[in-house]
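J.: Generate a structure from the sequence data that follows.
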Amino acid sequence: MTLPYEGKIRVTKLYGTPPPKGFTYAAGKHSGMDLVGVNSKNVRAVAAGTVIRSGYDPSGWGNYVVISQVDGYSCIYAHLNKRNVVVDEKVQAGQILGIEGNTGNVTGSHLHLELRKVYADRMTTIDPAEYLKIKKKTGDLEMEKDTNAVSDWAKEAWAWAKEKELLDGTRPQEPITREEMAVVLERLAAAN
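T.: Residues are numbered from 1 along each chain as shown. Okay, here's the model as predicted:
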């Protein structure tokens, strides 16, 4: 999985928010997340998959692309100025799908990014911020801290502690409780 732009990204509308005045949403709420590429307008696939739709909807999405991803989700990229892929084309994460635009029913140039569990059912949307592990706020995009990723400087020690069964291998960047520390010390003493 990757982000839909390279460089700086601005979040302009969050998932689940009401429509702006004068607009309506079929689902009653914003079914995706709106993003603007600051350094680049090239829209990239967030995951590998196959293009199942590539078309134009003048009263809604404008130029849009739908990818059936290898992880089982369908991802919609809408309001594009230009589409660079065709139906049945296999795409890789990070591949350029098109150019950000303001086609269809929009209030300005942006990418509407929408994820669904089932493409044909618009009521199966999920929050793209959760999927992409980004903070749920408008403004400059910020990544959520991945507490399951081991820092480079600790990888060797982490692997050793897991191998010796001193730690269970989860939450490497989370604080340890006194209870957990007691268990680690007890296991260490028993191993010697």
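J.: got the contact list for the helix ranked longest in the chain?
T.: Secondary structure of the chain per DSSP state H: the longest helix is helix 178-191. Here helix 178-191 makes contact (Cβ atoms under 8 Å, 6 or more residues apart in numbering) with 161, 164-167, 176. Where you see a C-beta, it was placed from the backbone N, CA and C, and this is true even at glycine.
J.: Equivalent analysis for stretch 130-143, please.
T.: 1, 3, 8-15, 35, 46, 73, 115, 127, 129, 144, 146.
J.: rewinding a little: in helices only, show me the contacts of helix 178-191.
T.: Filtering those for helices - DSSP H - leaves residue 161.
J.: Throw together a ChimeraX command that grabs the buried residues out of the contacts of helix 178-191.
T.: Burial among the contacts of helix 178-191 is assessed by 16 or more other Cβ atoms under 10 Å; the matching ChimeraX selection reads:
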select :161,166,167
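J.: how far out from the middle of the chain is the longest helix of the chain?
T.: Mean-position distance between helix 178-191 and its chain equals 38 Å (Cα atoms, centre = their mean, to the nearest Å).
J.: Check stretch 136-145 too.
T.: Centre-to-centre, stretch 136-145 and its host chain are 11 Å apart (Cα atoms, centre = their mean).
J.: And the pLDDT at the residue nearest in space to the middle of the chain?
T.: The residue lying closest to the centre of the chain (Cα atoms, centre = their mean) is residue 132, at 2.3 Å. pLDDT for residue 132: 92.
J.: could you dump the contacts of helix 178-191 to CSV with pLDDT?
T.: Converted to CSV, those look like this (pLDDT from 0 to 100):
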residue, pLDDT
161, 85
164, 84
165, 83
166, 82
167, 80
176, 80
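J.: Show me what the one helix or strand residue 63 maps to packs onto, helices and strands only.
T.: Using DSSP states H and E, residue 63 falls within strand 62-69. If you count contacts as 3 or more Cβ pairs under 8 Å, 6 or more residues apart in numbering; DSSP states H and E, strand 62-69 packs onto strand 49-57, strand 74-83, strand 96-100.
J.: Can you tell me which of the ones you listed is packed in deepest?
T.: strand 74-83 (a mean of 22; mean count of other Cβ atoms under 10 Å).
J.: Sheet partners, orientation included, of that one?
T.: Take DSSP bridges as the rule and strand 74-83 pairs in its sheet with strand 62-69 (antiparallel), strand 96-100 (antiparallel), strand 111-116 (antiparallel).
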